[in-house]
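Engineer: Sequence and computational prediction follow.
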Amino acid sequence: MVTNPKARELEEKGKVEYGWGTLWPHYHKEKINWAMGFRTKGDVDLLFLSGSTGRDPYEDQQVITYEDYRSGKGKVVGGIREQTRQALMDIKNNLETMGATLKHIVMLRFYVRHPEELYEFRNEMYRFWQEFEPELLEHPRPATLLNGVGIALPEMRIEIEAWAAVPKKGD
């Protein structure tokens, strides 16, 4: 599991407030060209999170060139089970940073590189939900699964996107 309190602190300080929502930055050792997520403001706030993977975004190095890619500059953790858990933990942490929880998830999108790993991914996801938010097992959210897809680094097995909805306090 990746935790980096300093990066979380920088994300909190670096957020950009708009009248209609908040842009949450993503901190990486090197400049990265996308945000962690965006939270709208309204009767129900919608949260759109960037895809999470099995990378350690605070410790590995960003792949900027094809030579970086070929040299293995970017690193991921373990196989499909470890990467699934890391991606889901990243989603959990990002939601909490943005003032939400796993229970607020309304949509998921899964990208699995190798179709034969689909069942290991699914079983690890079920274990994660059981540990952190059993309600997601009882009431599964809408989701899209794409398998046999290319993902940024050759060692990456999975990427997961999440959307969440948070009602106005008191509702």
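Structural biologist: The structure has been received and is ready for your questions. Residues are numbered from 1 along each chain as shown.

Engineer: Val149: neighbouring residues, count only.
Structural biologist: By other C-beta atoms under 10 Å, 13 other residues sit near Val149. (C-beta placed from N, C-alpha, C; glycine too.)

Engineer: Show the contacting residues for it.
Structural biologist: Applying C-beta atoms under 8 Å, 6 or more residues apart in numbering to Val149 gives the contacts Tyr111, Val112, Arg113.

Engineer: Pull up the distance across stretch 107-118, start to finish.
Structural biologist: Across stretch 107-118, the terminal residues are separated by 19 Å (C-alpha to C-alpha, to the nearest Å).

Engineer: So which bits of that stretch are buried?
Structural biologist: Buried residues in stretch 107-118, counted by 16 or more other C-beta atoms under 10 Å: Leu108, Phe110, Tyr111, Val112, Arg113, Glu117, Leu118.

Engineer: Give me the residue at the spatial middle of the chain.
Structural biologist: Note on the chain: the residue nearest the mean C-alpha position is Ser52, at 3.0 Å, using C-alpha atoms, centre = their mean.

Engineer: residues in contact with that one?
Structural biologist: The neighbourhood of Ser52, defined by C-beta under 8 Å, 6+ apart, consists of Gln86, Ala87, Leu88, Asp90, Ile91, Asn94, Glu159, Ile160, Glu161, Ala162.

Engineer: what about the first one, distance to Val106?
Structural biologist: Just to be clear, that refers to Gln86. Going from Gln86 to Val106 by C-beta to C-beta, to the nearest Å gives 22 Å.

Engineer: quick one: which of those two has more around it?
Structural biologist: Taking other C-beta under 10 Å, Gln86 and Val106 do not tie; Gln86 has more neighbours (23 against 14).

Engineer: Apart from its chain neighbours, what residue comes closest to the more buried one?
Structural biologist: Nearest residue to Gln86, sequence neighbours excluded (C-beta to C-beta, 6 or more residues apart in numbering): Gly54, at 4.5 Å.
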